[in-house]
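K.L.:
Everything below, folded, please.
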Amino acid sequence: MRKITFASILSVCMTPMLFWSSESQAIPSWARKYEVSCYMCHSGMPQRNAIGEAFKNNGYRMPAGAEAAFTRQAQIKIGTEEWKKTIKAPISSSFPQFDPLSVVLTGNVLSYSAPTYTSTGAQATGVSFNYNVPGQVGLFFGGSVGDQLTIFGQISGFGGASTLDTDDDGSTKTVSFDSASINANVRVVWEFNPGFNFALGNNFSNASWNGVGTGGVVNVSGVLPAPGTYAELNYTRGDVGGYSITAGTSMAAKNNTPIVATENKIDDIVYLRGKLKLFGAGLLTGANGEFGNPYTGLDNQIAIGAGLSYTDHKTAVKDPKTGVTPTKGFTGGYAGETLVYGGDIQGVYNDFLAGVALSHDRDLQLNNFKAEVGHYFYSWLYIKGAYSDLANSPSLTAKVPMRYDVHQPTITGSLTAWLSSAVSLTGSYKHFTKERVGSGTNNADTVILSVLAGF
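P.N.:
As a prediction, the model looks like this:
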């Protein structure tokens, strides 16, 4: 297949496609900065194509030194020219002039759950069928400050479900509804050189935020503990193919991270992630590779990754979800483990994507396995199948109490249609292949129709 330059990729990715309005707004805010379509960097949200991958690896800036050429909205200067003689960036640089905010609306339109039964055959729960309008709102923001600093993030939790709060005595004479909590996920990146940057943030880690949602294929981050609040170094090279290395340390700043919230030390977790792209578009340039589908921007490729997470945490605290009290290690789904490691392989050929990821832990000897395959029928219609088998071990009963419902293999199928570059509908069906679990109640198959819309 012929080689494609960076400039020609941009021209192809900005071409409006069937049923997609050329006037639709992009998600997230970078499209406003460069005044381009979402499909310059994405082959359907949230799957990144070659340009999107290079954009991320360059600290959320255009690769190949094209930042200034493609920035359509001017920056507002900070300070004066005289400041530059004594004070360096960012105080003497600039702020983005464009509106850095994007609004994202998500939620389930329809949801169905099958009835569940106990081990004696008695019905535990009935059929659940609900319809709704999407009520969860998130704000994306992103912009560059000067030539090296970039800030990207999401504020979520507006709308959604509320929680019921009763009196301390347990009565319901006086009740109140508390709104869902609002969370801010932020990534602050300082780029030393193209492909070499330092990042601070939470959730949007290079070790975890990559291609695991609808439109992507699974990687090692789907089977490893995800960093909470982190500090990490990222190093990427590759004009054709290439490699990337992410090394970081994470603390438990929130109670939903793998480590219990009593630690809160910057070295609660240390983690390492490596990726080798054997051929295809460069991880750093986004070009010079062989492209299989010019409409989605996907390039024919094989990528191999590996990662590990380690903690020396020794505080014995009962995990509220599982009831397990570890003597050391992670909590949550990784309770009692101190070292989790795994690998993955991903491939793309024309309109097809496939990925397999496997991880193992040193302490409980649990295995986590995921496999996914996807196909673009059209540039706006994507189908994906996934198989997941988490916490599977031949010595499960000896290592983990049976009240902790582990080893629940699932098969999930989904179909996503992008009505525009910023609006998508996804229907999914999840089936549990193992009917009974440790609690004695069978799993409920589910059907969900969800929507994502942004502007």
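K.L.:
show me where pLDDT drops low in the stretch 51-200 of the chain?
P.N.:
By pLDDT under 70, the low-scoring segments of the stretch 51-200 of the chain are 73-75, 79-99, 119, 159-181.
K.L.:
cutoff 50 now
P.N.:
Applying pLDDT under 50 to the stretch 51-200 of the chain flags residues 162-178.
K.L.:
can you give me the helices for it?
P.N.:
Using DSSP state H, counting those that start in this stretch, the helices of the stretch 51-200 of the chain run over 67-70.
K.L.:
Would you quantify the distance from residue 410 to residue 242?
P.N.:
Residue 410 sits 34 Å away from residue 242, going by Cβ to Cβ, to the nearest Å. C-beta: built from backbone N, CA, C; applies to glycine.
K.L.:
name the helices or strands packed onto the helix or strand containing residue 32?
P.N.:
Using DSSP states H and E, residue 32 sits within helix 30-34. When contacts are defined as 3 or more Cβ pairs under 8 Å, 6 or more residues apart in numbering; DSSP states H and E, helix 30-34 packs onto strand 136-145.
K.L.:
The stretch 251-400 of the chain: strands as residue ranges?
P.N.:
Assigned by DSSP state E, counting those that start in this stretch, the strands in the stretch 251-400 of the chain fall at 269-281, 291-293, 298-299, 301-310, 339-349, 352-361, 367-378, 381-392.
K.L.:
let me redo that: the stretch 51-200 of the chain
P.N.:
Under DSSP E, counting those that start in this stretch, the stretch 51-200 of the chain gives strands at 75-77, 94-96, 101-113, 116-117, 123-125, 128-131, 136-145, 149-159, 163-165, 176-178, 183-193, 196-202.
K.L.:
Can you tell me which of these is nearest to residue 418?
P.N.:
Residue 418 lies closest to strand 101-113 among these, at 14.3 Å (Cβ to Cβ).
K.L.:
Quick check: can you name the pairing partners of the closest one and their directions?
P.N.:
strand 128-131 (antiparallel), strand 136-145 (antiparallel), strand 446-454 (antiparallel) (DSSP bridges).
K.L.:
So what touches the shortest one?
P.N.:
Contacts of strand 128-131 from elsewhere in the structure, counted by Cβ atoms under 8 Å, 6 or more residues apart in numbering, are 108, 109, 110, 111, 112, 113, 444.
K.L.:
Quick check: the fifth one touching residue 444?
P.N.:
I take that to be residue 112. No: the pair residue 112 / residue 444 is not scored as a contact, 9.5 Å apart, by Cβ atoms under 8 Å.
K.L.:
so what does the one helix or strand residue 231 maps to touch, helix or strand wise?
P.N.:
Using DSSP H and E, residue 231 falls within strand 229-237. Applying 3+ Cβ pairs under 8 Å, 6+ apart, we find strand 229-237 packed against strand 196-202, strand 240-251.
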